[in-house]
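>>> Model the structure of this input:
(one chain, ligands or ions: 1)
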Amino acid sequence: MSSPVKSNETALREILSKLSREDSVKILRRIFGDRGVRAAQKAFSKGVKKLRFKPSNLEIWLVRGRGRKEHVVLPGVFCDCKDFYLNVVVRRKIAACHHLLAQILAERFSTYEEEEERDFKLLKILSEEEVLR
Ligand SMILES: [Zn+2]
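Okay, the predicted model is just below:
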């Protein structure tokens, strides 16, 4: 299944794969403004985490939000924040929230943290999210 978010994401990853960290931040700022700046702050300050679940091997990404909250991100597809819901899905105003951008940056420059968890923890994380309520 193809979505506008997904095709933008592929193009962005392609562009960033050829750029230095500094130039990537510049380009994100130029395209996404303040969202690009916030994405870089999270990506380069341990704000992005990849969780791999065992034994299923499923993985999700968590990006730090305000305070202690972490947003569940499925790369190129989904984020559970309000900006994604309002401005990407409903208003179609932007291509991505800054959490999705932070995930792309952190993966590109390997600045994310990686953790392994048991499968039951995935259910716990998802049940704490408003998306399933
Ligand atoms: Zn988000």
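>>> So in this protein, where's the weakest helix or strand by average pLDDT?
Least confident helix or strand of the chain, by mean pLDDT, DSSP states H and E, is helix 4-16 with a mean of 83.
>>> ok, that one near the ion or not?
No - remark: helix 4-16 sits outside contact range of the ion, by Cβ under 5 Å from the ion, the gap being at least 11.3 Å. Just so you know, the C-beta spots here come from the backbone N, C-alpha and C atoms, and that holds for glycine as well.
>>> ok, now stretch 115-131?
No - Stretch 115-131 does not reach the ion (Cβ under 5 Å from the ion); its nearest approach is 11.7 Å.
>>> Give the rounded mean pLDDT of that stretch.
Predicted confidence along stretch 115-131 averages 81 (mean pLDDT).
>>> what does this structure have sitting close to the ion?
Selection of the chain residues close to the ion by Cβ under 5 Å from the ion yields 79, 81, 84, 97, 99.
>>> What values do phi and psi take at the last one?
Backbone torsions of His99, given as degrees, to the nearest 10, read phi -70, psi -40.
>>> So for it, what's the pLDDT?
The predicted local distance difference test score for His99 is 97.
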